[in-house]
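Colleague: Below are the sequence and a predicted model; questions follow.
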Amino acid sequence: MQIPFFRALEDSQRILIAGCGGGFDIVSGLPLHVFLRNAGKNVFLANLSFARVDLASRKKIGPAGRLVDLDSRMQGYFPERHLVDWLAARGCEPKVFAFEKTGVRPLRQSYEALVTLLKVDTIILVDGGTDSLMKGDEAALGTIEEDALSIAAVHQLEGVRKFLVCLGFGVDHYHGVCHHSFLENTAELIRSGGFLGCVSVSPGTPEGDALLDAVDYLNERQPNSKSIVANSIASAIRGGFGNRHDTERTRGTELFINALMALYWCYDLAAVARGMGFYEAIAGSEKFHEVENAIRIHHAYADKRDWKNLPL
C-alpha cells in the first residue's frame, strides 16, 4: 500500500528536504533523501541552523541563507558542516544549505532565492519530533518557535509543492508536548484532507541504515552535543524500548523509547499552516524574537485545551 504522500511526490523532480526546527532536524530527513534519490529524483538538503553560519561561509543565498560545503569553516557546534563530511564519505554531493534564525519575511526570501537557484519544484520540511503540529491552544507547545518560523516562511512560497513530515512521535514529551493534542490535531487534518499517511523507517533498509550511520557519525564528531531527538529516534529504530538513555543529557529524566518514534507522519504543509492560530501574528516578522513573542502572547491568551495523557 502506497501512502498518499509518496503519490503526491510522483511528479516531483527537484526536491528540497529542509530541517524545520533547527539543530539536528535535517538528520530526520536523511531516510527520505536516500529513498527519493534512489527513485531518480534530484534531492537537496537544507536546515534552519543554530550555528553562526554567517561566520562559516561567505556563500550567501538571500538575506538569511548560506551554502555550507567542504570549504566552510568548522565551529564547535555545527551539525550541518559535519553532515557535509558525512555526505562526501557516502559519495553524495557535499552541500547543505543553512538558514539563520530570523523572522518569517527574510527566511521566506532566502527560500525563494534557493528555489530559484536550484529550480526546486517541491519542498519537504522535516521535524525531528512533533511539536510542529501544535496550533497554539495546547496545554504546552514544546519548542515550536523554530518550526513555526519555517512553516510560515515556506507556506508563503508560490509555485512549489509543500509538505511537512514529522519523525519521532513521543520524543517531544521530554520538551513538554502533549501527544494527546498531537493526535487530536492529526485527526482534524485527516478530516480536512491534510494528512498524507504514515510510513516506518526500518533497520536493515538503505533509508534506516543511513539515519543510524549519520547519528553515529555526528555523535563521534560532536560528543558534547549529542542530539536528544536524533538519538532517541535511532534507539527506537534499533529496537530500543522504555526508559533508555543514549545521551547523558537526559539522565535523571524518564524517557519512553518505542517503535512509534520510527514513523514518518506526513502532512500537506498548507493545511498545517492554516491551523496555526498565531500565523497572522508571525507572518510579517523580521526578527526571530518577534516570532517568539507573538507565539508566547498568543498562547498566554488562548483558551487552552487541558493536558490529557494517552489512554493506552
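Modeller: Noted; the coordinates are in hand. Numbering: from 1, shown residues only.
Colleague: Where in the chain is the helix or strand with the lowest mean pLDDT?
Modeller: Of the helices and strands making up the chain, the lowest-confidence element is helix 53-56, at a mean of 90, by mean pLDDT, DSSP states H and E.
Colleague: Show me the contact partners of it.
Modeller: By CB atoms under 8 Å, 6 or more residues apart in numbering, the list of residues contacting helix 53-56 from outside reads 66, 68, 72, 73, 74, 75, 78, 80, 81, 98, 99, 100. In short, each C-beta sits where N, CA and C put it, glycine included.
Colleague: switch the cut-off to 10 Å
Modeller: 47, 49, 59-60, 64-68, 71-75, 78, 80-81, 96-100 (CB atoms under 10 Å, 6 or more residues apart in numbering).
Colleague: all strands of the stretch 201-312 of the chain, in order?
Modeller: Applying DSSP state E, counting those that start in this stretch to the stretch 201-312 of the chain gives strands spanning 263-268.
Colleague: now it, which segments are flagged as low pLDDT?
Modeller: 247-252 (pLDDT under 70).
Colleague: Filter the contacts of helix 53-56 down to the buried ones.
Modeller: 47, 49, 64-68, 72, 78, 80-81, 96-100 (16 or more other CB atoms under 10 Å).
Colleague: From those, pick the one nearest residue 37.
Modeller: Residue 37 lies nearest to residue 96 out of these, by CB to CB, at 14.8 Å.
Colleague: In this structure that closest one contacts residue 19, no?
Modeller: Yes - contact between residue 96 and residue 19 holds when scored by CB atoms under 10 Å: they sit 9.2 Å apart.
Colleague: Common neighbours of the two, please.
Modeller: 26, 45, 46, 47, 49, 79, 80, 83.
Colleague: one step back: next one: the least confident helix or strand of the chain to chain centre, how far?
Modeller: 21 Å (CA atoms, centre = their mean, to the nearest Å).
Colleague: What backbone torsions are found at the residue most central in space within the chain?
Modeller: Central residue of the chain (CA atoms, centre = their mean): residue 127, 2.4 Å from the mean position. With angles defined as degrees, to the nearest 10, residue 127 sits at phi -110, psi 120.
Colleague: so what's it bridging to?
Modeller: Counting by DSSP bridges, residue 127 is bridged to residue 166.
Colleague: cool, residue 98 as well?
Modeller: Assigned bridge partners for residue 98, using DSSP bridges, are residue 47, residue 66.
Colleague: That one contacts residue 78, doesn't it?
Modeller: Yes - counting by CB under 10 Å, residue 78 is a contact partner of residue 98 at 9.0 Å.
Colleague: quick one: common contacting residues for those two?
Modeller: With CB under 10 Å, 6+ apart, residue 98 and residue 78 have common neighbours 49, 50, 51, 53, 56, 68, 72.
Colleague: From residue 115, how far off is the fourth one?
Modeller: Plainly put, residue 53 is 19 Å away from residue 115 if you go by CB to CB, to the nearest Å.
Colleague: in the chain, which spans are helices?
Modeller: Using DSSP state H, the helices of the chain run over 4-8, 30-38, 53-56, 79-89, 104-118, 144-155, 179-192, 206-221, 228-237, 269-275, 279-282, 288-301.
Colleague: other SSEs contacting the longest one?
Modeller: The criterion is 3 or more CB pairs under 10 Å, 6 or more residues apart in numbering; DSSP states H and E, and the helices and strands that helix 206-221 contacts are helix 30-38, helix 79-89, strand 195-200, helix 228-237.
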